[in-house]
Structure formats: C-alpha cells, structure tokens
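Peer 1: Return atomic coordinates for the entry below.
(one chain, ligands or ions: 1)
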Amino acid sequence: MDFNLTEEQRAIQEMVRKFAKNEIAPLAVEIDRDARFPAETFMKMGELGILGLLIPEDYGGAGQDVLTCCVAIEEIACTCGSTALSYFAHAVLCAHNLACNGSEEQKQKYLPDLASGKKIGAIAMTEPGAGSDVLSIETTAERQGDEYVLNGSKTFITNAPVADTFLVYAKMKNAEANGMSQFIVERGFPGVSVGQPFHKMGMRGSPTGEVFFDNCRVPLENIVRGESRAMGILMGGLVVERIVGAALAVGAARTAFERALAYAKERRQFGQPLIMFEMIMEKLANMSMEMEAARCLTYKAAVMYGEGHRCSAEASHAKLFASEAAVRAASEAIQILGGYGYMQEYEVERILRDVRMGTIGGGTSEIQRLIIAREIMGRDSV
Ligand SMILES: Cc1cc2nc3c(=O)[nH]c(=O)nc-3n(C[C@H](O)[C@H](O)[C@H](O)COP(=O)(O)OP(=O)(O)OC[C@H]3O[C@@H](n4cnc5c(N)ncnc54)[C@H](O)[C@@H]3O)c2cc1C
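Peer 2: A predicted model of the protein is given here:
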C-alpha cells in the first residue's frame, strides 16, 4: 500500500498548513475562551476551497478524496480542535455524505452553498435516548400529501446552533424495524427549532446543541434515496466519520508532541535539559511512535476506502487508536510541562480538553472495540 502523497496532496497540505498558521491559530485561544464559532474563518475556508474539499467540482467543490481530507484536517487540528471539529461536521458528515448519496437535484441545490460556506452543515443522528444504540432513534417521519412530517429531537449535534442545512435520520412511522430514512432539513422549514449551545469541557469554539422537530414539514424531494433506505447511508457515513475523525486526533497529538518536545529541550532542571532524563525521553518516544502509528492506521483506512474496499474494522482501528493516543499525548505533554502544562497559557491543557471528545463522538471507544471484535470474529484470517 502506497502512503506517499501526490504532488497535489502535498500542495493542499501546504496550503492548509499556511492557512491554519495564519488564520486559525491566532483565534484558537479566543474561541475556546469565549465559546465562539469562528464564522469568519469558515468564510475564508470556503473561498480557498477547503470547505468543499470532498465536494465534486461540478457542484463547486475541489473533488478531492478522503485521504486528502485526512491530510487537510490534520493540519487544521494541529492548530485548533474546535475549528477542526466544526469543519469535520460540515465538510465530511454533511457535505460528503450528501455528495455520496444525494440525487442530482439535491446536489445541485445544496452542495454549492456548502462548498462556499454560504451555508453551514450538520448531521443529526444522536437523540437523548439513542447514542451508541443509534438504531433505537425515535424521531419519526410520516408522509402526509406532498410533504413528510418529522417529530422528535436530536442532541449533541455539532454546529446545530449555527447550521443552515441538516441531514436528519428518522424512522418511518409504521414502517418495519430499521425503516430508517434520511432527510435534508433546512433551518427555516416550519417546525424546526434549535437549542442554546451546550457548555462543554472542550471543543468550546465548535457549538454543539439540540435540534427539535415539531410537526416539521419537509418537501417530498428532500428525502435522500427514498423511504427506509438510510441504513446503508448511516453505516457508510460512520466509516468515513471514523477515518477522518482519526486524522483529526492525529493533528492534536502532533501538536501535543511538538510542544512537549520543544519544552523538554529548553527547560532545565538539576543542571540539564529535561530531555536528558530517561523518563522524559521514554514519554517523548512513546508519543512519537503512537502518533506515527495512528497516522499509518488512518492513511491505510483512507486508502482502502478510496479503493472501494470494505474497511469497517480498519476505520475503527484508526479511530480507536488515534483518539486514545491523542488523549495520552495531551496528558503526557501536560506532565512534561509540569506546572506550566496545567496553566491555560501553555495551551496543552486545551488540547487535552479537546481530544477527550474523540473517544466519545462518532462511536465511543467501547463501540469501536465491539465493531473490531465482531469483524475479526467473522474473518477466517487477518
Ligand atoms: C462534542 C460532541 C459532538 C457530537 N457531535 C455529534 C453530531 O454532530 N451528530 C450526532 O448525531 N451526534 C454527535 N455526538 C454524539 C455522539 O456521537 C454520542 O455522544 C456517542 O455516540 C455516544 O452516545 P451517548 O453519548 O448517548 O453515550 P451512551 O451510548 O449512553 O454510552 C455511555 C457509555 O456506555 C458505553 N456503552 C454503550 N453501549 C455499550 C455496549 N454495547 N458495550 C459497552 N459499552 C457500551 C459507551 O461506550 C459509553 O462509555 C457528539 C457528541 C459530542 C460529545
């Protein structure tokens, strides 16, 4: 398997790295402190083609693949977890999902505005009573004349407080078990309302909230692929979510490692730099190894996905390992920085608060282990 990036991928990596350094990094502390969504950054990302990375060129995007998106999101996550998370929900969970599954008319209507940043996207799957057990969602959809009527509520939805375009999963009323459908719901449709942003531990610049559907009226043409056809969309979407989510964790782990390495070279105790102490060397060696391993697992899953192979276990390997490695890296970075690491000024505490979400969202670590176990039980060999 070839993990060498193409010239085009390297150019995109360089462009996003520069943008992240110049435009995202300067706002990272402020948006975390004030729990503010960086709308201005999103507009600029739209202009540069970053928002539409996974959207085909025919609909205003850059027509890139999932591996390229992994490369890009690692650069964003290096500087700001919150911006990376909101970008992820918009560009991957919403826009890419719609690009894969929408009809020609739906793509023409919705994708150009998602690519430009004129509209912000979100995906609404989780409910108060249905998190890991996503198939138990209770939001219903019922056809009434030339509309569908949605009732129910969603929670923990990234971008909900600022989003314009939601992909919503609902069960057809009276349909057989798993009669799940997906709808494109505009914020302005009658019966849609959105709650206040939640107060979170981390990812504070990425607004998370509830969405309510109270006899929400959705035009017939806004169902994706047809009634009770969303199981495949849901499962396929979760695989991509896990791959790109892993890349987001790699970016955060990289910054935790780089900050800790720089500090360990500079800080002197007992007459020598910290990096000369073997226990500190061991921590840095482990961080470096885990970051590399996480990136390799992520690229492997992304390449397999791009080549059209089944890669559910590989996506879960990447997501599970990278998200847990990022938590370890951030925690060790704080340890290496000692008391300074515990202070907000040094920013590694923010990384720990941000990456803690990675072992929960997109399927918890426990659920990833279940998926991997079920996949290997069904295989004759690795
Ligand atoms: C910041 C943030 C952003 C999010 N963004 C979105 C979004 O944009 N869209 C969206 O739809 N959702 C989103 N989510 C929701 C996220 O996907 C869910 O939180 C996640 O799937 C877990 O569901 P839950 O929180 O209900 O936990 P639960 O499912 O109640 O799990 C609680 C605990 O029980 C464990 N558990 C559950 N079942 C099992 C089992 N079978 N075996 C072993 N252990 C088990 C879990 O691993 C966990 O440790 C977001 C969450 C967060 C925190």
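
Peer 1: Where does the residue lying closest to residue 320 once chain neighbours are set aside sit, in terms of helix or strand?
Peer 2: Closest residue to residue 320 apart from its sequence neighbours, by C-beta to C-beta, 6 or more residues apart in numbering: residue 368 at 3.9 Å. C-beta coordinates here come from the backbone N, C-alpha and C atoms, glycine included. According to DSSP states H and E, residue 368 maps onto helix 365-377.

Peer 1: list the buried ones in that helix?
Peer 2: For helix 365-377, the neighbour count (16 or more other C-beta atoms under 10 Å) marks 365, 367-368, 371-372, 375 as buried.

Peer 1: Let me see the contact set for the residue of the stretch 201-350 of the chain found nearest the ligand.
Peer 2: Using C-beta to the nearest ligand atom, residue 208 is the residue of the stretch 201-350 of the chain that sits closest to the ligand, at 4.8 Å. Residue 208 makes contact with 156-158, 160-161, 197-198, 200 under the criterion C-beta atoms under 8 Å, 6 or more residues apart in numbering.

Peer 1: Then residue 70?
Peer 2: By C-beta under 8 Å, 6+ apart, the contact set of residue 70 is 243-244, 246-247, 298-299, 302.

Peer 1: Skipping adjacent residues, who's closest to the residue of the chain found nearest the ligand in space?
Peer 2: Per C-beta to the nearest ligand atom, residue 131 is where the chain lies closest to the ligand, at 1.8 Å. Using C-beta to C-beta, 6+ apart and skipping residues adjacent in sequence, the residue nearest residue 131 is residue 156, 7.7 Å away.

Peer 1: That neighbour contacts residue 126, doesn't it?
Peer 2: Yes: in terms of C-beta atoms under 8 Å, residue 156 counts as a neighbour of residue 126; the distance is 5.0 Å.

Peer 1: can you list the domains in this protein?
Peer 2: What the record gives for the chain is the domain set 7-120, 123-224, 236-377, from automatic domain parsing.

Peer 1: Of those domains, which is nearest residue 1?
Peer 2: Closest of these to residue 1 is domain 236-377, at 5.7 Å (criterion: C-beta to C-beta).

Peer 1: For the stretch 201-350 of the chain, what lies in contact range of the ligand?
Peer 2: Residues of the stretch 201-350 of the chain lying near the ligand by C-beta under 6 Å from any ligand atom: 203, 208.

Peer 1: do the same with the stretch 51-200 of the chain
Peer 2: Selection of the stretch 51-200 of the chain residues close to the ligand by C-beta under 6 Å from any ligand atom yields 89, 122-126, 131-132, 156-158.

Peer 1: picking up where we left off before, now, the contacts of residue 70 that are in helices?
Peer 2: 243-244, 246-247, 298-299, 302 (DSSP state H).

Peer 1: can those go into TSV with extra columns for neighbour count and pLDDT?
Peer 2: Putting the ones in helices among the contacts of residue 70 into TSV (neighbours: other C-beta atoms under 10 Å; pLDDT from 0 to 100) gives the following:
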residue	neighbour count	pLDDT
243	32	98
244	31	98
246	32	98
247	31	98
298	33	98
299	23	98
302	27	98
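
Peer 1: Among those, list the two that are farthest apart in space.
Peer 2: Based on C-beta to C-beta, the longest span within the ones in helices among the contacts of residue 70 runs between 244 and 299 and measures 11.7 Å.

Peer 1: returning to what we had before: tally up the residues packed near the residue of the chain closest to the ligand, please.
Peer 2: Residue 131 is flanked by 18 other residues according to other C-beta atoms under 10 Å.

Peer 1: Sort out which residues of the strand or helix carrying residue 240 are buried, please.
Peer 2: If you go by DSSP H and E, residue 240 is part of helix 231-266. Neighbour-count burial for helix 231-266 flags 233-234, 237-257, 259-261, 263-264 (criterion: 16+ other C-beta under 10 Å).

Peer 1: cool, stretch 280-296 as well?
Peer 2: For stretch 280-296, by 16+ other C-beta under 10 Å, it's 280, 283-284, 287, 290-291, 294-295.

Peer 1: do the same with stretch 136-143
Peer 2: Buried, per 16+ other C-beta under 10 Å, within stretch 136-143: 137, 139-142.

Peer 1: end to end, how far does that stretch reach?
Peer 2: End-to-end span of stretch 136-143 (C-alpha to C-alpha, to the nearest Å): 20 Å.

Peer 1: related to what we said a few turns ago, any chance of the domains of the chain in JSON lines with distance to residue 1 as columns?
Peer 2: Shown next, in JSON lines, are those (distance: least, C-beta to C-beta, whole Å):
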{"stretch": "domain 7-120", "distance to residue 1": "11"}
{"stretch": "domain 123-224", "distance to residue 1": "29"}
{"stretch": "domain 236-377", "distance to residue 1": "6"}
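
Peer 1: What residues does the closest residue to residue 42 other than its chain neighbours make contact with?
Peer 2: Distances taken as C-beta to C-beta, 6+ apart put residue 117 closest to residue 42, at 4.9 Å, once the chain neighbours are dropped. Neighbour list for residue 117: 42-43, 45-47, 51 [criterion: C-beta under 8 Å, 6+ apart].
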